[in-house]
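A.B. asks: model this:
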Amino acid sequence: MRPRQWVKNVLVFAAPLAAGQLFVPTVLARSAQAFVAFSLISAAIYLVNDVRDADSDRQHPTKRFRPVAAGELAPSAALVLAAVCAAAALTVGWLTAPPLAVVLVVYAVLQVGYSLFLKHQPIVDLAVVAAGFLLRAVAGGVASGIVLSQWFLLVASFGSLFMVAGKRYSEMVRLGPDAGTRASLERYTPTYLRFVWTLAAALVVMAYSLWAFDLRTPAGAGHLWGVPWAQVTIAPFTLAMLRYAYEIDRGEADAPEDVVLADRMIQVLGVLWVVPLALAVFR
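C.D. replies: Numbering: from 1, shown residues only. Predicted coordinates for the structure are as follows:
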């Protein structure tokens, strides 16, 4: 079920945070429920994928230790648990907000389709995995009834593509000559993946900067002590992107959640980003 990877589900809090409504009690509660629902549905997908990819995982230097690949968990037990998790996720999603349940179904269909055949389609496989990150960000908005801005969707979309292309590039660097054993890597070259994550990073920074300069607030709001805090966030945001790109280039970003949890510089930059962002959007 990979609970370490559930850290990716904090993306459900992104839309309420950007809208300055995260600490409204009902919004916070629904966002937390969306986090639980996505953790459950992603756990179900991980279980299904581990059963399907058990043979190829056994050839991977680290994935061979996963319970199904290592023979520690029976495939039938994994599939039963996947069904339970999926049912629980859809129940939580529907009780929180019916549109959230729809997002969960779309996520599950895309991920199952990826596992069955979409991962063999160049470019499409990157888009599908990136859509998984994007749907997490969208889920926080639909769970709370928050209208998502075009800038938010652009940052979330290209940010997702940046992370996915960077993940593939890091896997290729880490595996080296063995990269051909992974179906998700055999159709790409390092130069192409570098182009994709470089292009995505540039578009993320541009879209985020446009959002920061376009942020509309009432007179005096977001400008505490005369400082345009939204624009101030551009610096730590860009530096965090550059730091993450550094990890990609070293081949250390094949597990995005591990980068966020282990890289102290990214964590510090995250704090330096969140504080002025809070001063800009909460009023």
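A.B. asks: just checking, what's the longest helix in the chain?
C.D. replies: Criterion DSSP state H: the longest helix present in the chain is helix 25-52.
A.B. asks: now that helix: buried residues?
C.D. replies: 27, 30-31, 33-51 (16 or more other CB atoms under 10 Å). Heads up, the C-betas are built off the backbone N, CA and C, glycines and all.
A.B. asks: which SSE is immediately downstream of that helix?
C.D. replies: helix 54-57 (DSSP states H and E).
A.B. asks: which strands or helices does the helix or strand that that following helix is followed by pack on?
C.D. replies: Per DSSP H and E, the first helix or strand lying C-terminal to helix 54-57 is helix 75-96. Secondary-structure packing of helix 75-96 (3 or more CB pairs under 8 Å, 6 or more residues apart in numbering; DSSP states H and E): helix 25-52, helix 98-116.
A.B. asks: figure out which of those helices is closest to A212.
C.D. replies: The closest of those to A212 is helix 25-52. By CB to CB, the value is 22.1 Å.
A.B. asks: what angle separates the closest one from helix 75-96?
C.D. replies: Put simply, helix 25-52 runs at 160 degrees to helix 75-96, going by axes from the mean of the first three to the mean of the last three CA atoms, to 10 degrees.
A.B. asks: now do helix 25-52, average pLDDT.
C.D. replies: Mean per-residue pLDDT for helix 25-52: 92.
A.B. asks: then stretch 121-129?
C.D. replies: 87.
A.B. asks: how about that stretch as CSV, C-alpha atoms only?
C.D. replies: Coordinates of each C-alpha in stretch 121-129 appear next as CSV, following Å, rounded to 0.1, in the frame of the first residue of the first chain:
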residue,chain,number,x,y,z
GLN,A,121,2.3,4.2,-25.5
PRO,A,122,5.1,6.8,-25.6
ILE,A,123,4.2,10.3,-24.4
VAL,A,124,0.7,9.1,-23.4
ASP,A,125,2.2,7.2,-20.5
LEU,A,126,3.8,10.4,-19.2
ALA,A,127,0.5,12.2,-19.6
VAL,A,128,-1.4,9.6,-17.7
VAL,A,129,1.0,9.5,-14.7
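A.B. asks: buried set for that stretch?
C.D. replies: By 16+ other CB under 10 Å, the buried positions in stretch 121-129 come out as 125-129.
A.B. asks: in a markdown table: these, plus secondary structure and distance to D55.
C.D. replies: As requested, the buried residues of stretch 121-129 are exported to a markdown table (DSSP: H, G, I helix; E, B strand; the rest coil; distance: CB to CB, whole Å):
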| residue | secondary structure | distance to D55 |
| --- | --- | --- |
| D125 | helix | 19 |
| L126 | helix | 23 |
| A127 | helix | 26 |
| V128 | helix | 21 |
| V129 | helix | 21 |
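A.B. asks: nearest to K167, of the residues you listed?
C.D. replies: Nearest to K167 among the buried residues of stretch 121-129 is V129, at 7.9 Å by CB to CB.
A.B. asks: the nearest residue to that closest one once chain neighbours are set aside - how many residues pack around it?
C.D. replies: Nearest non-adjacent residue to V129, counting by CB to CB, 6 or more residues apart in numbering: V164, 4.6 Å away. By other CB atoms under 10 Å, 24 other residues sit near V164.
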